[in-house]
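Asks: what would the 3D arrangement of this be:
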Amino acid sequence: MPSVVWSGSISFGLVTIPIRLLVATEDHSIRFRRIHLEDMGLIRNRKVCELDGEEVTSDEIGKGYELSKDNVIPISDDELADMPLPTAKAIDVVAFVDRSSIDPIRLGDAYYLEPAGEVADKPYTLLRKALERSSKAAVAKYALRGRERLGLLSIRDDVMTLHQMHWADEIRNPAELTPPEVELDEGEIEGALALMDTMALDDVSGFHDEYTEALTKLIEAKADGKTPAAPRTEEKRSGQVVDLMSALEQSVQQAKHTRGETGEDATVHSIPARKKTTAKKTTKKSPAKKTSAKKTSGRKPRSA
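Replies: Predicted coordinates:
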């Protein structure tokens with residue numbers, strides 16, 4: 001099991017549940033060190049003050065908020081410790097919501113919540129069963145690594161989980177990324193739906209990280225003094241715009257072939273003949289003039 005990253009309690013109403021927070025995911029990425037190619041020596045980062053060019057120790061380093069390039073406000077650890085943070089040792093449930101009402105883009109790191117001792121077993125099980133029976137999730141506030149955060153409490157395999165949530169003002173507005181209006185044939189939409197049906201899966205646990213596997217084999221071969229095997233090359237896809245119906249039909253055939261369907265099953269019968277539908281043409285609006293924001297002398301901290 002991973003080490004405990006936080007200890008405290010869940011608080012909802014007058015119920016308190018002592019818990020321990022454990023990271024629910026693992027990072028299996030292969031990490032590299034920077035080296036001097038001439039003699040294979042490791043390259044290390046030196047902490048150097050940009051004003052006097054002197055290297056400094058950890059004891060000489062503090063925190064500061066940069067209002068502007070020439071104006072940095074020092075903040076001491078004692079000042080941070082004195083900040084009012086009622087959720088410093090508690091996951092404070094503030095609301096219960098339908099799980100489906102939470103936008104997935106707001107969810108971040110995942111943690112498991114472990115009951116801390118026998119005294120926590122009964123209230124932990126009580127909250128877990130209440131969440132299961134109601135199909136609700138709990139929105140909670142808590143503090144971790146010096147910041148107050150928003151989280152979502154839910155259930156996975158009889159264990160409570162906590163997903164870190166981004167605050168609403170941390171989500172960027174994607175409106176400017178929406179492409180302009182285009183005309184689509186009904187046949188093209190049906191073709192896309194047919195491809196989705198062909199590629200549908202009930203379980204995605206079989207997917208694995210092929211890049212990390214190939215990289216591991218490369219490292220093992222070089223460590224044994226062997227010549228690494230030539231990487232498998234795949235045909236590069238052109239960036240040209242192709243006929244959508246043709247691409248969809250070929251994609252359905254390829255997906256069925258990958259699943260081992262041959263003969264009659266591999267023939268595309270699910271995509272209807274291309275049929276032109278009349279769509280209302282939208283008058284192109286002239287692009288809005290970009291307004292340049294006035295530059296300010298400094299940044300303001302985000303309000304909670």
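
Asks: using CSV, write down the CA coordinates of the helix or strand of the chain at the bottom of the mean pLDDT ranking.
Replies: When each helix and strand of the chain is scored by mean pLDDT, DSSP states H and E, helix 244-258 comes last, with a mean of 76. The C-alpha coordinates for helix 244-258 follow below in CSV (Å, rounded to 0.1, in the frame of the first residue of the first chain):
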residue,chain,number,x,y,z
LEU,A,244,-15.8,11.5,-44.8
MET,A,245,-18.1,8.6,-46.0
SER,A,246,-15.2,6.7,-47.6
ALA,A,247,-13.1,7.2,-44.4
LEU,A,248,-16.0,6.0,-42.2
GLU,A,249,-16.6,2.9,-44.3
GLN,A,250,-12.9,2.0,-44.3
SER,A,251,-12.8,2.5,-40.6
VAL,A,252,-15.7,0.2,-39.9
GLN,A,253,-14.1,-2.5,-42.1
GLN,A,254,-10.8,-2.1,-40.3
ALA,A,255,-12.4,-2.2,-36.8
LYS,A,256,-14.3,-5.4,-37.8
HIS,A,257,-11.2,-7.0,-39.2
THR,A,258,-9.3,-6.2,-35.9
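
Asks: helices or strands next to that helix in the packing?
Replies: helix 186-198 (3 or more C-beta pairs under 8 Å, 6 or more residues apart in numbering; DSSP states H and E). From N, CA and C alone the C-beta is placed, and that goes for glycine too.

Asks: give the buried residues for the helix it packs on.
Replies: 187-188, 190-192, 194-195, 198 (16 or more other C-beta atoms under 10 Å).

Asks: now the strands for the stretch 1-150 of the chain?
Replies: With DSSP state E, counting those that start in this stretch, the ranges of strands along the stretch 1-150 of the chain come out as 4-12, 15-23, 35-36, 41-42, 63-68, 71-75, 90-98, 107-115, 136-144, 147-156.

Asks: quick one: distance of the least confident helix or strand of the chain to the chain centre.
Replies: 30 Å (C-alpha atoms, centre = their mean, to the nearest Å).

Asks: per the record, what domains does the protein have?
Replies: Split into domains by automatic domain parsing, the chain comes to 4-26+83-170, 185-197+247-262.

Asks: for the closest residue to residue 5 other than its chain neighbours, what are its contacts?
Replies: In this structure, residue 5 finds its nearest non-sequential neighbour in residue 21, 5.4 Å apart by C-beta to C-beta, 6 or more residues apart in numbering. Going by C-beta atoms under 8 Å, 6 or more residues apart in numbering, residue 21 touches 4-8, 111-114, 144, 162.

Asks: ok, which of the domains of the chain comes nearest residue 66?
Replies: The minimum distance between residue 66 and the domains of the chain falls on domain 4-26+83-170, with 17.5 Å, by C-beta to C-beta.

Asks: tell me the mean pLDDT over the closest one?
Replies: Across domain 4-26+83-170, the average pLDDT comes to 89.

Asks: for that domain, how far is the first residue from the last?
Replies: 27 Å (C-alpha to C-alpha, to the nearest Å).

Asks: which residues touch residue 77?
Replies: So residue 77 contacts 62-63 (C-beta under 8 Å, 6+ apart).

Asks: look at residue 81 and say how many residues are nearby.
Replies: 10 (other C-beta atoms under 10 Å).

Asks: against residue 146, how distant is it?
Replies: 9 Å (C-beta to C-beta, to the nearest Å).

Asks: got it, and residue 78?
Replies: Residue 78 is 13 Å from residue 146, by C-beta to C-beta.

Asks: ok, residue 187 next?
Replies: Taken as C-beta to C-beta, the span from residue 187 to residue 146 is 56 Å.

Asks: same question, residue 211
Replies: The value you get for residue 211 to residue 146, if C-beta to C-beta is used, is 34 Å.

Asks: beta-bridge partners for the residue nearest to residue 5, please?
Replies: residue 6, residue 113 (DSSP bridges).

Asks: for residue 64, which non-adjacent residue is closest in space?
Replies: Going by C-beta to C-beta, 6+ apart, residue 64 has residue 72 as its nearest residue, at 4.3 Å.

Asks: apart from its chain neighbours, what residue comes closest to the residue positioned nearest the centre of the chain?
Replies: Nearest to the mean C-alpha position of the chain, counting by C-alpha atoms, centre = their mean, stands residue 108 at 5.4 Å. The shortest distance from residue 108 to any non-neighbouring residue, by C-beta to C-beta, 6+ apart, is to residue 164 (3.9 Å).
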